[in-house]
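# what shape does this take:
(one chain, ligands or ions: 3)
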Amino acid sequence: MMKITFLGTAAATAMPLPFCDCMVCKMSRKLKGKNIRKRSSVAINNDLLIDLGPDSAIACIEYDINLSKIKYILQTHAHSDHFDAGHLVTRHLDYASENIKSITLVSSPDTMKALNRKIQNEDSKVDIFNEECQRELAVSLNIISHKEAIILGDYKISAFESLHDVSEQSLIYLIENKGKTILYGTDLLEISEEVYSLLKGHFIDIMILDQTYGAGYNAGGHLDAEQVIEIINRMKEMNIINENSQIFATHISHEGNSIHEVMEEVASQNFYNVAYDGCIIEI
Ligand SMILES: [Zn+2]
Ligand SMILES: [Zn+2]
Ligand SMILES: [Zn+2]
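Ligands and ions are numbered 1, 2, ... in the order given. I've put the predicted structure just below:
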């Protein structure tokens with residue numbers, strides 16, 4: 001069995017936005033529950049984390065994921081809502097962390113450089129490309145590019161371009177474990193024709209997609225609700241997903257989206273669900 005825990009389901013701004021008084025943020029402050037969203041990240045089983053974001057550490061405590069047991073961290077890219085260097089540097093001896101177990105950090109080559117810049121801003125003596133620093137942090141690097149796959153323990157990880165931040169070679173990941181397959185698709189500008197052709201022949205049990213924006217409201221860089229539906233339809237036609245697949249929207253911003261209940265109602269009419277913080281799926 002594979003377990004997915006949504007640690008956060010918001011875009012960069014979190015939900016509600018700290019200073020925003022739009023209807024969605026107003027309602028989310030009032031209703032709380034599924035309307036309070038931390039910055040996007042997920043845990044798979046108890047040993048794999050996708051995106052060490054700013055809210056991931058506190059979310060792990062809330063949802064019973066022990067970060068000290070995490071063996072693999074996949075970074076989609078290095079934007080501040082997906083990576084908080086402050087969390088990583090606490091692995092260093094200087095912070096008196098005890099019994100640190102080694103982790104493998106996975107990203108594209110340019111994302112790894114961007115992660116290192118953020119780490120060096122946080123702590124100038126840490127350089128993750130330096131072997132001695134890697135030993136001190138107990139971190140090993142596994143650099144992966146678009147179209148490549150790697151094996152990490154029981155997992156097969158395949159990387160695909162997300163086109164969200166080309167300068168960082170941002171990636172989305174296909175994760176295969178115990179006969180099941182998950183696509184973690186945020187942050188995502190579009191699924192390119194090449195990625196569709198590479199996914200052909202795969203069957204995805206759980207597909208998680210970027211829905212930063214609501215229908216008719218795309219400010220760029222991400223998918224909106226209409227594009228999520230288009231991708232679902234195309235994937236169905238290509239037999240990459242079927243009625244047994246579970247599809248979730250994540251990375252939700254207030255822009256054109258709504259409160260969880262309303263989003264969920266619209267989504268369920270279109271063959272998908274809207275993830276919320278603390279949502280756990282077992283397959
Ligand atoms: Zn993001
Ligand atoms: Zn707002
Ligand atoms: Zn981003």
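
# residues of the stretch 151-283 of the chain that sit close to ligand 2?
residue 254 (C-beta under 5 Å from the ion). C-beta: built from backbone N, CA, C; applies to glycine.

# you'd agree residue 94 is in a helix?
Yes: according to DSSP: H, G, I helix; E, B strand; the rest coil, residue 94 belongs to a helix.

# how about it, nearest residue that isn't a chain neighbour?
Closest residue to residue 94 apart from its sequence neighbours, by C-beta to C-beta, 6 or more residues apart in numbering: residue 123 at 7.9 Å.

# report pLDDT for the one you found.
Listed pLDDT for residue 123 reads 91.

# mind checking how far it is from residue 221?
Distance of residue 123 to residue 221, given as C-beta to C-beta, to the nearest Å: 29 Å.

# ok, now which ones touch residue 250?
6, 9, 40, 42, 186, 208, 209, 210, 211, 275 (C-beta atoms under 8 Å, 6 or more residues apart in numbering).

# what subset of these is buried?
6, 9, 40, 42, 186, 208, 209, 210, 211, 275 (16 or more other C-beta atoms under 10 Å).

# would you list the phi and psi of the third one?
It stands for residue 40. Dihedral angles of residue 40 (phi, psi; degrees, to the nearest 10) stand at phi -60, psi 130.

# which residues of the protein score low on pLDDT?
Within the chain, the set of residues satisfying pLDDT under 70 is empty.

# could I get the full set of strands for it?
Using DSSP state E, the strands of the chain run over residues 3-8, 41-44, 48-50, 72-74, 103-107, 139-143, 149-152, 155-161, 171-177, 180-185, 206-210, 246-250, 273-274, 280-282.

# mind putting those in JSON lines, distance to ligand 3 included?
What follows is the strands of the chain, written out as JSON lines (distance: least, C-beta to the ion, whole Å):
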{"stretch": "strand 3-8", "distance to ligand 3": "13"}
{"stretch": "strand 41-44", "distance to ligand 3": "12"}
{"stretch": "strand 48-50", "distance to ligand 3": "13"}
{"stretch": "strand 72-74", "distance to ligand 3": "14"}
{"stretch": "strand 103-107", "distance to ligand 3": "13"}
{"stretch": "strand 139-143", "distance to ligand 3": "19"}
{"stretch": "strand 149-152", "distance to ligand 3": "22"}
{"stretch": "strand 155-161", "distance to ligand 3": "14"}
{"stretch": "strand 171-177", "distance to ligand 3": "11"}
{"stretch": "strand 180-185", "distance to ligand 3": "13"}
{"stretch": "strand 206-210", "distance to ligand 3": "9"}
{"stretch": "strand 246-250", "distance to ligand 3": "12"}
{"stretch": "strand 273-274", "distance to ligand 3": "19"}
{"stretch": "strand 280-282", "distance to ligand 3": "23"}
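
# export those to a markdown table and tack on distance to residue 27?
As requested, those are exported to a markdown table (distance: least, C-beta to C-beta, whole Å):
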| stretch | distance to residue 27 |
| --- | --- |
| strand 3-8 | 19 |
| strand 41-44 | 24 |
| strand 48-50 | 29 |
| strand 72-74 | 33 |
| strand 103-107 | 36 |
| strand 139-143 | 41 |
| strand 149-152 | 41 |
| strand 155-161 | 35 |
| strand 171-177 | 30 |
| strand 180-185 | 27 |
| strand 206-210 | 22 |
| strand 246-250 | 18 |
| strand 273-274 | 15 |
| strand 280-282 | 25 |
